[in-house]
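> Sequence and predicted structure below; questions after.
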Amino acid sequence: MYTILVVDDIEHVAEVFATMLEQGGYRPLVAHSGQECLDLLTTSIPDLVLLDVMMKPMDGWTTLERMKENPATMDVPVLMLTSKLLTPAEAERYGDLIEDYVLKPITNFELYDTIEHVLRRRQTIFSDMERARSCGFDVQVINEYARLAKNIEVSRRFLTILENTYTINKPSGTIGQNICEAIKNLETHLKNQEARHRQIKEEIKKASREPVSTPWQQ
């Protein structure tokens with residue numbers, strides 16, 4: 001049974017998510033603030049965190065950054081909870097730190113599908129890492145491969161959503177300069193990630209003499 005930590009400063013919202021998780025066969029933990037989340041993580045490490053963006057006094061992004069700065073919690077996967085689409089600036093700044101984000105409201109099955117996809121993706125990446133280790137690959141290269149394998153999928157999702165949100169059916173010249181630059185930066189970042197990932201993947205493939213899977217092709 002997977003343990004999922006729900007972090008939301010609105011108590012009844014946190015309890016709704018906890019109930020949904022229980023119904024789906026997960027073991028929920030609940031924190032009602034960013035600091036409570038960080039405190040709880042000192043004694044219990046969940047399999048995944050559902051972290052609300054808009055909290056006070058410490059918002060979800062600050063909580064996320066503090067989690068990722070701590071070696072004990074930096075590898076815990078995080079799904080951001082939000083009632084609005086992420087902005088280009090948020091996608092550019094935090095995309096590498098999260099597994100994905102969940103738009104509220106969400107149905108039980110949508111939530112379960114998202115969680116299971118993230119957990120399956122992580123297991124696939126771990127399997128590929130073990131294969132690379134058995135071939136004697138450098139630990140830093142293996143860790144880079146794992147980071148890229150996750151980040152590419154998240155970046156693709158962000159880019160598609162941003163392009164659809166800010167460019168589809170909008171007249172030329174009406175999109176702000178900062179938004180255009182953020183989308184272009186994300187496109188460049190994604191291309192660089194994909195190129196490096198292909199390079200490492202080919203090296204592992206040659207060494208292991210068998211294909212290396214990629215999470216988004218499962």
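Alright, I've got the coordinates. These numbers were taken from a predicted model, which means no experiment stands behind them.
> only C-alpha atoms for contact and neighbour calcs from this point on.
OK.
> Residue 105 in helix, strand or coil?
For residue 105, the secondary structure call by DSSP: H, G, I helix; E, B strand; the rest coil comes out as coil.
> How many residues are close by it?
Applying other CA atoms under 10 Å, we find 10 residues neighbouring residue 105.
> just checking, it touches residue 111?
No - Residue 105 lies out of contact with residue 111 (CA atoms under 8 Å); the separation is 9.9 Å.
> Format the CA atom coordinates belonging to stretch 179-199 as CSV.
The C-alpha trace of stretch 179-199 is given here as CSV (Å, rounded to 0.1, in the frame of the first residue of the first chain):
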residue,chain,number,x,y,z
ILE,A,179,5.0,34.7,-22.2
CYS,A,180,6.6,34.3,-25.6
GLU,A,181,10.0,34.2,-24.1
ALA,A,182,9.0,31.6,-21.5
ILE,A,183,7.5,29.3,-24.1
LYS,A,184,10.7,29.7,-26.3
ASN,A,185,12.9,29.0,-23.3
LEU,A,186,10.9,25.9,-22.5
GLU,A,187,11.1,24.7,-26.1
THR,A,188,14.9,25.2,-26.1
HIS,A,189,15.3,23.5,-22.7
LEU,A,190,13.2,20.5,-23.9
LYS,A,191,15.3,20.1,-27.1
ASN,A,192,18.5,20.1,-25.0
GLN,A,193,17.1,17.6,-22.6
GLU,A,194,16.0,15.3,-25.4
ALA,A,195,19.4,15.5,-27.1
ARG,A,196,21.3,14.6,-24.0
HIS,A,197,18.8,11.9,-23.1
ARG,A,198,19.2,10.2,-26.5
GLN,A,199,23.0,10.3,-26.1
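> Show me the shaky parts of the protein.
167-176, 208-218 (pLDDT under 70).
> now do 90
For the chain, the stretches with pLDDT under 90 are 83-93, 95-96, 100-104, 121-147, 149-187, 189-190, 200-218.
> after whichever strand or helix holds residue 123 comes which helix or strand?
Using DSSP states H and E, residue 123 maps to helix 108-134. The first helix or strand that comes after helix 108-134 along the chain, using DSSP H and E, is helix 139-166.
> buried residues in that following helix?
Residues of helix 139-166 classed as buried by neighbour count (16 or more other CA atoms under 10 Å): 142, 145-155, 158-159, 162, 166.
> and of those, the nearest to residue 194?
Nearest to residue 194 among those, counting by CA to CA, is residue 152 at 6.8 Å.
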